[in-house]
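>>> Only the shape, not the letters, is given here:
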């Protein structure tokens, strides 16, 4: 059972794992997508998402927090300059994991992890959906009822007119 097991240690000691995730995060920010194993991609997603959320508010404190995690000045600068501007309106879910199959050498499950807003293939067909409140639905239902009432009123007028003609 996995009681209390919150993170995947990836078969590494703590310092090695943190360094590896920091390097992978910097590569992801620089190249916008990287190929890795599924386990590392899932661990990287948990590592990168809070960092991207921090980058949405450009303050000295947030820059120092992100710098302590990533450890590369160029990656931090690109994250706050380019990536944060592009994902500013997104409430979360900045990365996507796409499974690629198995690696030839050792049959490991491979995946591609990418920043969502930088993939033009997936973003072409999607348009922003207008968000509505639930209160707006009541007005729509009353409009549907009103034309039905008008249609019922129209035949009654015709029947009265037909009575007058006879």
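Good, I have the coordinates. Note that the structure is predicted; figures quoted are calculated from it, not measured.
>>> From residue 16, how far off is the residue nearest the centre of the chain?
Ranked by distance to the mean C-alpha position of the chain (CA atoms, centre = their mean), the top residue is residue 93 at 3.2 Å. Residue 93 is 28 Å from residue 16, where distance means CB to CB, to the nearest Å. Quick note: C-beta positions are derived from backbone N, CA and C, even for glycine.
>>> now swap in residue 22 and tell me
11 Å.
>>> Residue 104 now?
The value you get for residue 104 to residue 16, if CB to CB is used, is 26 Å.
>>> And the two? Which one has more around it.
Between residue 104 and residue 16, counted using other CB atoms under 10 Å, residue 16 has the larger neighbour count: 12 against 8.
>>> List the contacts of the helix or strand hosting that one.
Using DSSP states H and E, residue 16 sits in helix 14-31. Residues external to helix 14-31 that are found in contact with it (CB atoms under 8 Å, 6 or more residues apart in numbering): 9-10, 12, 34, 36, 40, 43-44, 47-48, 51, 69-72, 74-75, 78-79, 83, 95, 113-115.
>>> which residues of this protein fall in strands?
Secondary structure of the chain (DSSP state E): strands at 33-37, 95-102, 109-115.
>>> Let me know which of these is tucked in deepest.
strand 109-115 (a mean of 18; mean count of other CB atoms under 10 Å).
>>> Note down every partner strand of it and its orientation.
With DSSP bridges as the test, strand 109-115 is paired with strand 33-37 (antiparallel), strand 95-102 (antiparallel).
>>> mean confidence score for the helix holding residue 16?
Mean per-residue pLDDT for helix 14-31: 97.
>>> Name the spans of the protein whose pLDDT lies under the cut-off.
The model of the chain has pLDDT under 70 over residues 123-132, 136-166.
>>> ranges for the helices of it?
Ranges of helices in the chain, per DSSP state H, are 14-31, 38-55, 60-70, 73-78, 84-86, 120-123, 135-165.
>>> mind checking how far the closest residue to residue 114 other than its chain neighbours is from residue 59?
Counting by CB to CB, 6 or more residues apart in numbering, residue 33 is the residue found nearest to residue 114 once chain neighbours are left out, at 3.5 Å. Distance of residue 33 to residue 59, given as CB to CB: 28 Å.
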